[in-house]
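Undergrad: What follows is a predicted protein model with its sequence.
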Amino acid sequence: MAAETARDMVWARVLEDGVFRFDASEAARAAAGPSLSFADPRRREAPRNGADTPAVVPAFEVAAEGAQKVVVKLPPGTSFYGTGEASGPLERTGKRVFTWNTDAWGFGPGTTSLYQSHPWVLAILPDGKALGVLADTTRRCEIDLRQESTIKFSAPSAYPVITFGPFNTPADVMMSLSHAIGTVSMPPKWSLGYHQCRWSYDSSEKVLKVVRTFREKDIPCDVVWMDIDYMDGFRCFTFDSIRFPDPKSMVDDLHSIGCKAIWMLDPGIKKEEGYFVYDSGSKSDVWIQKADGSPFVGEVWPGDCVFPDYTSEKTRAWWASLVKDFISNGVDGIWNDMNEPAVFKTTTKTMPESNIHRGDADIGGVQNHSYYHNVYGMLMARSTYKGMEMGNAAKRPFVLTRAGFIGSQRYAATWTGDNLSNWEHLHMSLPMVLQLGLSGQPLSGPDIGGFAGNATPKLFGRWMGVGALFPFSRGHTETGSIDHEPWSFGEECEEVCRLALLRRYRLLPHIYTLFYHSHTKGIPVAAPVFFADPQDPELRKVETSFLLGPLLVCASTLPNKGAHECAHKLPKGIWLPFDFADSHPDLPVLYLQGGAILPVGLPIKHVGEASLEDDLSLIITLNENGKAEGVLFEDAGDGYAFTRGDYLLTYYIAELHSSVVTVKVLKSEGSWKRPKRNLKINILLGGGAMISTDGVDGEEIHLTMPSESEVSSLVATSEFEHKKRMEMIQPIPDIEEPSGQEDAELSKIPVDLKSGDWFLKIVPWIGGRIISMAHLPSDSQWLHSRIEINGYEEYSGTEYRSAGCTEEYKVIRRYLEQSGEEESICMEGDIGGGLVLQRQISILKDNPKIVQIDSSIQARSVGAGSGGFSRLVCLRVHPTFTLLHPTEVVVAFTAINGSKQEISPEAGEIAFEGDLRPNGEWMLVDKCVGLSLVNRFNPREVSKCFVHWGTGDVNMELWSEERPVSNETPLRICHQYEVRQTS
Ligand code: MIG
């Protein structure tokens, strides 16, 4: 019921020209909690003077309990971005995101909640102007972009909506947003080098060996990471005394070869008397409480844990002082993991929403966990940052956080969490990094090579090729995987990694300059290609290329096609390709925009190797008028002297006059003196060709342009040479089965079944499993969809993964809708002893709302001695469904005996037999979105129904009776799924 409507809506000018705050009503305005996204929350509250009026006005709808819906309607042809850390395509029309920080191991393109929350949408209007909309709530918020050109937010309590613009360009919106939420803290320059991580390099020797190997092999690297196993029994702020007996001296050794060390700190503190962190935290009363006021205890790595309540200054100060002491062990940076916060062995994967935070009044006061859940990670990072500052005020803190909220770039970098080693995740890593950039977080990157599973050489090399050009560049992999260092995948891959990283280091002067701009102005470092021309609708979905300022990086995420073989859509104007004589079929292709000067450095192996006196190069593409300009920021690379003017910011220009190009310093800023250094000038001509000359930096340098005909012959020669080079170079061989079957499986392509209301993905090579079951009208992905596990599967026995069943299924029939049939697939897998498991999956032609799965265990060649007929078999249907709202779901049905049943997650595991079985239908009800997944079956075929609630998922199993089968007596279960709207 809309108790309050647009009539009551109030608005105010805030922050700066073009920025407005809207509230559902005066009362809603008063009820809204303080901002946690704003760097200075008072700026959201203080009206500004001005005469401007909002061009875009949101419509509010408030339900009786205070839940608030906001709709922003924009002109047709609007494209959506932002929404923070979210998977799926870059252009977000058609998507729905729920802001709820979640430990999302193995997420897929359809996952709706990842580790971070950004209730923020960037809209590019049809004319190229841009508008940003922030729903300033910490609560679980639905961002619904399913309806074209319409933004819908809904959250359970009052919150203001802030609109930024429309402004002329998306960069203008991002700058304006940064005036609200702040910018990225200036990263130390070393943190823009390459980082090597794994779970875990688990001894000092191993850590040093890895770093020394980088040096021996001439592969650049600046940082090595210590994952949880460095700790003594996962106790934060401790070191394992055997494997890391003397961390300080290990770090001294690392420093002596130019490498930094980053160490993990999780929020879960082992509940153990005598452990100094637990004791001092208990004494200071810093733990999050249960509703009854006692400390909440949840299980994480160390076992039973308590959790610091970072919502109070007292707790943050306590944590920061621990961090400060920790720094003295030689800690260059800190990695905050598991801070959604993740809690093991719970259905919700986190702590109860009824837990109590004793937050300070200025951030919202005492509230339950549902209020602070999404900002917990950011507040942890904030206090970690503070502790690093206290530990060494002369250094810029470096913190990496997994969980975050809009604004967390002020304290920490981030990565895109536990991705998978496959091509889909390589692809997704590009839009994810871009999306974070468009949500205020410029310093991000994926686990290069993929976290879960084993990469193949090709995948790893390609991922490094593009990963080396992400703002944050770190290789990482899970425990138990094969080695994932640049040299772990054969010579060709190693060479690609070396080239990729040397490229990054040559570009570091530019990347560092971009970060200076991002820090001072709030523009993203890696931006989508449409930033170069927001009016061009064809650029708005481009997601395999991105801009680093005027530098365009074009990658390929296709296994069988290099970037040089793909057609890249270039923005209008002049874009000239170039390389560092390092072009390679497995590396991205680089272009420089007309009118740009790109500063590049030497191919160094770590940041400390560079000095201000080093040679510098400028790569130049002249525009139509024969002009170009560029900028370079230089300083000590760490510390804060730059804020007091101790830096050198140089604006270079190039101008062509009667066939002579003059390159000079237009102006410079800062108190650093320009050193005497060589400056190499390279003017791109096209096709990779360039003319070069040397001069002295700061002085005017002249270059004579070749004649037009000379230019075309230089271009032709260069193109020819380039082509020859690409043909000669050995690309990384495409070994599809390098190390165990799993990788091969990951690289196969699922069979799509798309018809009516459903879109299914089926993987015949993994037990004929369905890994995705998307209901199109509601945009719900029901199955828990990881390619290696879960989804919909069937067993031929009562044991989990019954022995004797081949994983590989044969597709024996496939009907497509186009051929006038219903969309269906029939598969068969050998389960041994002359038996097969046959499964037909169909979307019914006469009722496209229904998916039908018809399975049977049949006898094929059962004879004397085959073992078939005497074998007891049971057909067990085993689907795993994702719980989008784990606290608001139930399994509901009417039993054969007429009783009504509602099973909630607390039930854990429960079986229904005899009269207690559902009467032919049961359903998974999501009360939050008002949808139910109805599962119909024939009770005569089903002897037992079984519910198993897991962590964020549920199994609803159907078991046949257990008996032998013959030709005449197959075992069969035919059942259906349909989605029903429930109110
Ligand atoms: O439950 O510390 O995302 O990067 O290697 C897993 C071990 C905990 C999750 C992180 C991952 C890290 C891993 N952590």
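TA: Now that the structure is in, tell me what you want to look at.
Undergrad: Ramachandran angles for the closest residue to residue 399 other than its chain neighbours?
TA: In space, and not counting its chain neighbours, residue 399 is closest to residue 412: 4.0 Å by C-beta to C-beta, 6 or more residues apart in numbering. Placement of C-beta: from N, CA and C, glycine included. Per-residue torsions, residue 412: phi -160, psi 150 (degrees, to the nearest 10).
Undergrad: and residue 412, what does it touch?
TA: Residues in contact with residue 412, defined by C-beta atoms under 8 Å, 6 or more residues apart in numbering, are 336, 378, 381, 384-385, 399-401, 404.
Undergrad: Same check on residue 9?
TA: Contacts for residue 9 (C-beta under 8 Å, 6+ apart) come out as 22-25, 57-60.
Undergrad: now whichever residue of the stretch 401-550 of the chain sits closest to the ligand, what's its secondary structure?
TA: The minimum distance from the stretch 401-550 of the chain to the ligand, using C-beta to the nearest ligand atom, falls at residue 418 (4.7 Å). Under DSSP: H, G, I helix; E, B strand; the rest coil, the three-state class of residue 418 is coil.
Undergrad: In this structure it contacts residue 104, no?
TA: Yes - shown here, residue 418 and residue 104 form a contact pair, counting by C-beta atoms under 8 Å, at 7.0 Å.
Undergrad: More neighbours: which of those two?
TA: Under the criterion of other C-beta atoms under 10 Å, the comparison of residue 418 against residue 104 puts residue 104 first, with 23 against 20.
Undergrad: how deep is whichever residue of the stretch 51-200 of the chain sits closest to the ligand tucked in, by neighbour count?
TA: Here the stretch 51-200 of the chain gets closest to the ligand at one residue, residue 199, 3.5 Å apart by C-beta to the nearest ligand atom. Close neighbours of residue 199, defined as other C-beta under 10 Å, add up to 19.
Undergrad: ok, longest helix in this structure?
TA: Assignment by DSSP state H gives helix 491-521 as the longest helix of the chain.
Undergrad: What's the mean pLDDT across it?
TA: Across helix 491-521, pLDDT averages out at 98.
Undergrad: same check, this time on stretch 680-689
TA: 97.
Undergrad: Now do the contacts for residue 758.
TA: Counting by C-beta under 8 Å, 6+ apart, residue 758 touches 773-776, 843, 848, 851.
Undergrad: just so I have it, where are all the strands in the stretch 51-200 of the chain?
TA: 59-62, 68-73, 79-82, 96-99, 116-117, 120-124, 130-135, 141-144, 150-155, 161-167, 194-196 (DSSP state E, counting those that start in this stretch).
Undergrad: closest to residue 542 out of these?
TA: Shortest distance between residue 542 and these, using C-beta to C-beta, is found for strand 79-82: 11.3 Å.
Undergrad: list the helices and strands the closest one packs on?
TA: strand 120-124, helix 423-437 (3 or more C-beta pairs under 8 Å, 6 or more residues apart in numbering; DSSP states H and E).
Undergrad: so how far is the last one from its chain's centroid?
TA: Pointing back at helix 423-437 there. The chain centre lies 7 Å from the centre of helix 423-437; the measure is C-alpha atoms, centre = their mean, to the nearest Å.
Undergrad: Could I get the CA-only coordinates of it as PDB?
TA: Provided in PDB are the C-alpha atoms of helix 423-437 (Å, rounded to 0.1, in the frame of the first residue of the first chain):
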ATOM      1  CA  TRP A 423      37.200 -18.600 -19.900                       C
ATOM      2  CA  GLU A 424      33.900 -17.300 -18.700                       C
ATOM      3  CA  HIS A 425      35.500 -15.900 -15.600                       C
ATOM      4  CA  LEU A 426      38.400 -14.400 -17.600                       C
ATOM      5  CA  HIS A 427      35.800 -12.700 -19.700                       C
ATOM      6  CA  MET A 428      33.800 -11.500 -16.600                       C
ATOM      7  CA  SER A 429      36.800 -10.100 -15.000                       C
ATOM      8  CA  LEU A 430      36.900  -7.200 -17.500                       C
ATOM      9  CA  PRO A 431      33.400  -5.900 -17.000                       C
ATOM     10  CA  MET A 432      33.700  -6.500 -13.200                       C
ATOM     11  CA  VAL A 433      36.800  -4.300 -12.900                       C
ATOM     12  CA  LEU A 434      35.200  -1.600 -15.100                       C
ATOM     13  CA  GLN A 435      31.900  -1.800 -13.100                       C
ATOM     14  CA  LEU A 436      33.800  -1.200  -9.900                       C
ATOM     15  CA  GLY A 437      35.500   1.700 -11.500                       C
END
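Undergrad: Any part of it near the ligand?
TA: No - remark: helix 423-437 sits outside contact range of the ligand, by C-beta under 6 Å from any ligand atom, the gap being at least 13.7 Å.
Undergrad: Just the mean pLDDT for the next helix or strand after that helix, thanks.
TA: As assigned by DSSP states H and E, the chain's next helix or strand after helix 423-437 is strand 444-445. Averaged across strand 444-445, pLDDT comes to 98.
Undergrad: circling back: out of the contacts of residue 412, grab the one that's most surrounded.
TA: Result: residue 404 is most packed of the contacts of residue 412 (other C-beta under 10 Å), 34 neighbours.
Undergrad: Would you mind naming the residues that bridge with the closest residue to residue 165 other than its chain neighbours?
TA: Leaving aside its chain neighbours, residue 165 sits nearest to residue 131 (4.4 Å; criterion: C-beta to C-beta, 6+ apart). On the basis of DSSP bridges, residue 131 is bridged to residue 123.
Undergrad: Check whether residue 131 really touches residue 169, as I assumed.
TA: No - applying C-beta under 8 Å as the test, residue 131 and residue 169 come out as separate, 11.4 Å apart.
Undergrad: So which residues make contact with stretch 849-862?
TA: So stretch 849-862 is contacted by 756-758, 760, 773, 792, 794, 796, 831, 833-844, 868-869, 873, 875, 877, 965-967, 970-979 (C-beta under 8 Å, 6+ apart).
Undergrad: Mind exporting the C-alpha coordinates of it to CSV?
TA: What follows is stretch 849-862, C-alpha atoms only, in CSV (Å, rounded to 0.1, in the frame of the first residue of the first chain):
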residue,chain,number,x,y,z
LYS,A,849,5.8,-22.4,-18.3
ILE,A,850,6.9,-25.9,-17.4
VAL,A,851,10.2,-27.7,-17.4
GLN,A,852,9.8,-31.5,-17.4
ILE,A,853,12.4,-33.9,-16.4
ASP,A,854,11.7,-37.5,-17.2
SER,A,855,14.4,-39.9,-15.9
SER,A,856,14.7,-43.6,-15.8
ILE,A,857,17.2,-46.3,-15.0
GLN,A,858,16.9,-48.8,-17.8
ALA,A,859,18.4,-52.2,-18.4
ARG,A,860,20.4,-52.4,-21.6
SER,A,861,22.3,-55.6,-21.7
VAL,A,862,21.4,-57.3,-18.5
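Undergrad: Now do the helices in the stretch 651-800 of the chain.
TA: Remark: helices assigned in the stretch 651-800 of the chain by DSSP state H, counting those that start in this stretch are 708-728, 741-747.
Undergrad: Using CSV, list the CA coordinates for the longest one.
TA: Just to be clear, that refers to helix 708-728. Provided in CSV are the C-alpha atoms of helix 708-728 (Å, rounded to 0.1, in the frame of the first residue of the first chain):
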residue,chain,number,x,y,z
GLU,A,708,53.1,11.4,-47.1
SER,A,709,54.5,8.8,-49.4
GLU,A,710,57.3,8.0,-47.0
VAL,A,711,54.7,7.6,-44.3
SER,A,712,52.7,5.2,-46.3
SER,A,713,55.7,3.1,-47.1
LEU,A,714,56.8,3.1,-43.4
VAL,A,715,53.2,2.1,-42.4
ALA,A,716,53.1,-0.7,-45.0
THR,A,717,56.5,-2.1,-44.0
SER,A,718,55.6,-2.0,-40.3
GLU,A,719,52.3,-3.8,-41.0
PHE,A,720,54.1,-6.4,-43.0
GLU,A,721,56.7,-6.9,-40.3
HIS,A,722,54.1,-7.1,-37.6
LYS,A,723,52.2,-9.7,-39.5
LYS,A,724,55.3,-11.7,-40.1
ARG,A,725,56.1,-11.5,-36.4
MET,A,726,52.7,-12.7,-35.4
GLU,A,727,52.9,-15.6,-37.7
MET,A,728,56.3,-16.6,-36.5
